[in-house]
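S.K.: Sequence first, then the predicted structure, then my questions.
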Amino acid sequence: MPGREERYHEPMLLSMDQVVPQASNSILQRADRPYVLFGHSVGALMAYEVARHFMAQGLRLPLHLIVGGKRAPHVPIDRKPMHELSDRELIDRLHQFGGTPKAVLETPELLELFLPRLRADFQINETYRYRAGPGLAVPTTVLGGMEDSETSQQTLQAWQQHAAAGFQLRMYQGGHFFIHQNEDRVLADIQGIVLNAAQSALAGAA
């Protein structure tokens, strides 16, 4: 995406309406074969909205949507927006939040690089507004951390309202970044989901 990696010097995206066309175009360049979409936290919303966009446009849909660490799209965030905090306040919250290496948060040169991008992610997440529409015609699996202060099992279960082609919820020990704490198990689960999706697609094509 603009502002990241090899596109570091391009202006950052600050809203979901900006993200979806960019992400969709990137994915479509590689969607000449079966694929699965995965996203964690704000990336979960991005993956969901890209899949909705593809469905609305009649484009090839993913075999499966996997989202983690994010309350259902229609459930609002019930805390002060982090993208509006001062740099010092945001750094303090990131220490509490976990997931960002201490080396980054305690090194001014790294903060200068990463803090604007983290703030942009929070802005995309916190200014997102769900627009009602049909359920997603893609099997959906939601992953969550049992101690995640950003989500609850109830707000994760609420994704079921948006999954018109099958839904499952898998919970893991840990907080918002439960993926790091359960890396082997989460990877094995995702591999299993992808394999099952591929086998189902092959069976359907036979």
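M.R.: Structure's in. What do you need?

S.K.: all strands in the chain, in order from the N-terminus.
M.R.: Listed in chain order, the strands of the chain (DSSP state E) span 36-40, 64-68, 140-145, 167-172.

S.K.: Quick one: mean pLDDT over the last one.
M.R.: Read that as strand 167-172. Strand 167-172 comes out with an average pLDDT of 98.

S.K.: Okay, now the unreliable bits of the protein?
M.R.: 3, 5, 8, 204-206 (pLDDT under 70).

S.K.: hey, which helix is longest across it?
M.R.: Scanning the chain for the longest helix, with DSSP state H as the assignment, gives helix 183-205.

S.K.: relative to strand 36-40, how tilted is that one?
M.R.: Here the directions of helix 183-205 and strand 36-40 differ by 150 degrees (axes from the mean of the first three to the mean of the last three CA atoms, to 10 degrees).

S.K.: highest average neighbour count across the strands of the chain?
M.R.: With neighbours defined as mean count of other CB atoms under 10 Å, the strands of the chain peak in mean count at strand 64-68, which reaches a mean of 27. Yep, even glycine has a C-beta here, placed from its N, CA and C like the rest.

S.K.: just to revisit the earlier point, could the strands of the chain be laid out in a markdown table, adding distance to Asn25?
M.R.: Shown next, in a markdown table, are the strands of the chain (distance: least, CB to CB, whole Å):
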| stretch | distance to Asn25 |
| --- | --- |
| strand 36-40 | 14 |
| strand 64-68 | 19 |
| strand 140-145 | 23 |
| strand 167-172 | 28 |
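
S.K.: Figure out which of these is closest to Phe114.
M.R.: For Phe114, the closest of the strands of the chain is strand 36-40, at 17.2 Å, according to CB to CB.

S.K.: thinking again about what came up before, nearest to Ser24, out of the strands of the chain?
M.R.: Ser24 lies closest to strand 36-40 among the strands of the chain, at 10.8 Å (CB to CB).

S.K.: contact partners of that closest one?
M.R.: By CB atoms under 8 Å, 6 or more residues apart in numbering, the surrounding residues in contact with strand 36-40 are 27, 45-48, 50-51, 62-70, 143, 179, 190, 193-194, 197.

S.K.: Dump it to PDB, keeping only the CA atoms.
M.R.: The C-alpha trace of strand 36-40 is given here as PDB (Å, rounded to 0.1, in the frame of the first residue of the first chain):
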ATOM      1  CA  VAL A  36      -8.000 -16.900   0.500                       C
ATOM      2  CA  LEU A  37      -8.100 -13.500   2.200                       C
ATOM      3  CA  PHE A  38      -6.700 -13.000   5.700                       C
ATOM      4  CA  GLY A  39      -6.500  -9.900   7.800                       C
ATOM      5  CA  HIS A  40      -5.800  -9.100  11.500                       C
END
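
S.K.: Understood, closing this out.
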